[in-house]
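[1] A structural model of the following input is requested.
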Amino acid sequence: MRTYNDPVTGLDVEERQTRYLRPDWRAAAWWLAHVFPEHYGPNAQSWEQVLDAYDAEQTALEPTAGPDDPHLAELAERLAATLAC
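    Here you go, the predicted structure:
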């Protein structure tokens with residue numbers, strides 16, 4: 001803190017200076033790890049791992065219908081009837 005006499009007004013003025021520390025990267029890293037643990041946490045997966053897991057999940061969900069499936073035959077008949085009109 002600095003105190004001086006202002007020559008224009010003749011009043012004593014107290015001047016305070018605030019010094020801030022440089023930002024610490026560890027605070028940002030902690031925040032990211034706790035807010036987005038799936039991306040930045042200790043068990044985060046790489047983008048390739050996420051895509052591989054998604055592909056495996058989608059493959060497991062896909063129905064395996066063959067050409068002998070009765071639902072496909074019915075759908076083909078309905079499509080042919082609609083296109084014939």
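[2] what about the helices in this structure?
    With DSSP state H as the criterion, the chain has helices at 25-35, 37-40, 47-61, 70-84.
[3] which of these sits closest to Asn5?
    Closest of the helices of the chain to Asn5 is helix 25-35, at 41.7 Å (criterion: CB to CB). C-beta coordinates here come from the backbone N, C-alpha and C atoms, glycine included.
[4] show me what the closest one is packed up against.
    helix 37-40 (3 or more CB pairs under 8 Å, 6 or more residues apart in numbering; DSSP states H and E).
[5] mind listing what's buried in the helix it packs on?
    Across helix 37-40, burial judged by 16 or more other CB atoms under 10 Å covers no residue at all.
[6] and for stretch 43-60?
    So, applying 16+ other CB under 10 Å, stretch 43-60 has no buried residues.
[7] ok now it, how far from the chain's centre?
    Between the centre of stretch 43-60 and the centre of its host chain there is 15 Å, according to CA atoms, centre = their mean, to the nearest Å.
[8] in this structure, where is pLDDT below threshold?
    Within the chain, the stretches falling below the threshold (pLDDT under 70) are 64-67.
[9] how about 80 then?
    Applying pLDDT under 80 to the chain flags the ranges 62-70, 85.
[10] in it, what residue sits furthest out from the centroid?
    The C-alpha centroid of the chain is most remote from Gly10, which lies 58.3 Å away (CA atoms, centre = their mean).
[11] Arg2 is nearest to which of the helices of the chain?
    Nearest to Arg2, of all the helices of the chain, is helix 25-35, at 30.9 Å by CB to CB.
[12] I'd say Asn43 and Gln49 touch.
    No. In this structure, Asn43 is not within contact of Gln49 by CB atoms under 8 Å, at 10.9 Å.
[13] and the residue farthest from the centre of the chain, how far from Arg2?
    To Arg2, Gly10 is 17 Å away according to CB to CB, to the nearest Å.
[14] what of Leu21?
    Taken as CB to CB, the span from Leu21 to Arg2 is 21 Å.
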